[in-house]
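Trainee: here is my input; please provide its structure:
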Amino acid sequence: MNLFVFGPGYSALQFICAYRQRFERIAGTFRSDTKEEALQAFGIAPYFFDSARYDPGIFDELSRADILLISIPPALGFDPVLSSLSHAVASAPRLRWIGYLSTVGVYGNVDGAWVDENTPCSPVNERSRHRIAAEEQWLKLGRSAAFSVQIFRLAGIYGPSRNALQKVADGTARRLIKPGQVFNRIHTADIAQVLMASIERPSPNAIYNVADDEPSPPQDVIAYAAHLLGLQPPPEVPFAEVDLSPMARSFYQDNKRVQNTRIRSELGVRLDFPTYRQGLEALHAAGEGIRSSNDKSHERNSTRIGR
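Mentor: Numbers count the residues shown, from 1 in each chain. Model prediction:
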């Protein structure tokens, strides 16, 4: 199989690392010199792409791609890939599977109630409204194509180098208290296995929630990470008293519990990390956060000695 990725970011690169051996050729897009170099280091053939211009070599890659993964956010309600290359995608002769990475944010706020893939979407911010529009554009293409389009609505993503352990260790973690607030999360290893399970078992125009089994208060995750590191958790701070960026505050507008039954029943997925506890335990065992916390301890000791 040949894989082409539009916007190979954190989750897509974790997928590639997990299943590189399943693909004969992997190519992807970049917008900066740094990203181009990173793709080359991963063994990914790099091609420039943004909403205004792109490397014409992408046409050749699409013509030989079997698998297409879309990990580029929409712009002003339009998917940039379809805006520029819809005909090339639709006419790709070998293409049999397209996966679009979306977000559970499309469901909006339901005050902590459960949602599944049949729940009507009611996003509360413009970012999620653009996601819904992009989802619909990809699903429309899939209804008239020979290949299978799947939508993956991801919960809060964590994994190597991006997790609560790192935040606690480097001192950036905060325990914000908003009564009743919960979030689902998903480890990148589980995102990867869901994507591969779908590639092996395509279902035209399917939508999947990719989330763990236990929606939990965010402060509990921080406290457990601190426990694993043997550190005191940061103090609890009422949400109303915290100065957050508009982006960060927007995440707290959504309060929902995300049902993930479909990835099990249709794709046969058994999550490696069904709760944040198993995920953080595995990351801790791999050394996540330990170096940072040791560095902090060394700095404190050095300061005391200097005084």
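Trainee: from here on, contacts and neighbour counts on C-alpha atoms
Mentor: Noted.
Trainee: ranges for the strands of the stretch 101-250 of the chain?
Mentor: 114-115, 148-154, 156-158, 175-177, 185-187, 206-210, 236-238 (DSSP state E, counting those that start in this stretch).
Trainee: strand partners of the shortest one, parallel vs antiparallel please.
Mentor: Take DSSP bridges as the rule and strand 114-115 pairs in its sheet with strand 257-258 (parallel).
Trainee: would you map the helices across the stretch 51-200 of the chain?
Mentor: 57-64, 80-90, 126-143, 164-170, 188-200 (DSSP state H, counting those that start in this stretch).
Trainee: would you tell me which one of the strands of the stretch 101-250 of the chain is buried the most?
Mentor: strand 185-187 (a mean of 26; mean count of other Cα atoms under 10 Å).
Trainee: for it, the averaged confidence score.
Mentor: What strand 185-187 shows for mean pLDDT is 98.
Trainee: so how far is it off the chain centroid?
Mentor: Distance of strand 185-187 from the chain centroid (Cα atoms, centre = their mean, to the nearest Å) equals 8 Å.
Trainee: that strand pairs with which strands, parallel or anti?
Mentor: Strand 185-187 is paired, per DSSP bridges, with strand 156-158 (parallel).
Trainee: avg pLDDT for the partner strand?
Mentor: On average, strand 156-158 scores 98.
Trainee: likewise stretch 210-218?
Mentor: The model assigns stretch 210-218 a mean pLDDT of 97.
Trainee: run through the chain and note the low-pLDDT ranges.
Mentor: 291-307 (pLDDT under 70).
Trainee: what about stretch 3-23, start to end distance?
Mentor: End-to-end distance for stretch 3-23, by Cα to Cα, to the nearest Å: 7 Å.
Trainee: OK, contacts around Pro202?
Mentor: Applying Cα atoms under 8 Å, 6 or more residues apart in numbering to Pro202 gives the contacts Trp97, Ser148, Gln150.
Trainee: tell me which of the helices of the stretch 51-200 of the chain sits most buried.
Mentor: The most buried one of the helices of the stretch 51-200 of the chain (mean count of other Cα under 10 Å) is helix 164-170, showing a mean of 24.
Trainee: could you name the helices and strands sitting against it?
Mentor: For helix 164-170, the elements it packs on are helix 218-229, helix 276-285, helix 290-306, judged by 3 or more Cα pairs under 8 Å, 6 or more residues apart in numbering; DSSP states H and E.
Trainee: of the helices of the stretch 51-200 of the chain, which is nearest Glu288?
Mentor: helix 164-170 (6.4 Å; Cα to Cα).
Trainee: hmm, who's touching the closest one?
Mentor: 173, 221-222, 225-226, 229, 233-234, 280, 284, 288-290, 292-293, 296.
Trainee: just the buried subset of the residues you listed, please.
Mentor: 173, 221-222, 225-226, 229, 233-234, 280, 284, 288-290, 292-293 (16 or more other Cα atoms under 10 Å).
Trainee: that older thread, a markdown table please, covering the strands of the stretch 101-250 of the chain and showing distance to Tyr19.
Mentor: Shown next, in a markdown table, are the strands of the stretch 101-250 of the chain (distance: least, Cα to Cα, whole Å):
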| stretch | distance to Tyr19 |
| --- | --- |
| strand 114-115 | 30 |
| strand 148-154 | 18 |
| strand 156-158 | 18 |
| strand 175-177 | 35 |
| strand 185-187 | 16 |
| strand 206-210 | 18 |
| strand 236-238 | 40 |
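Trainee: any idea which of the ones you listed gets closest to Lys140?
Mentor: Nearest to Lys140, of these and by Cα to Cα, is strand 148-154 at 9.2 Å.
Trainee: number of residues surrounding the nearest residue to Asp213 once chain neighbours are set aside?
Mentor: Nearest non-adjacent residue to Asp213, counting by Cα to Cα, 6 or more residues apart in numbering: Pro274, 5.2 Å away. Pro274 has 17 neighbours, counted by other Cα atoms under 10 Å.
Trainee: return the distance of Pro274 relative to Pro8.
Mentor: From Pro274 to Pro8 the distance is 25 Å (Cα to Cα).
Trainee: related to what we said a few turns ago, dump the helices of the stretch 51-200 of the chain into JSON lines; add distance to Pro215 as well.
Mentor: As requested, the helices of the stretch 51-200 of the chain are arranged in JSON lines below (distance: least, Cα to Cα, whole Å):
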{"stretch": "helix 57-64", "distance to Pro215": "38"}
{"stretch": "helix 80-90", "distance to Pro215": "32"}
{"stretch": "helix 126-143", "distance to Pro215": "20"}
{"stretch": "helix 164-170", "distance to Pro215": "15"}
{"stretch": "helix 188-200", "distance to Pro215": "16"}
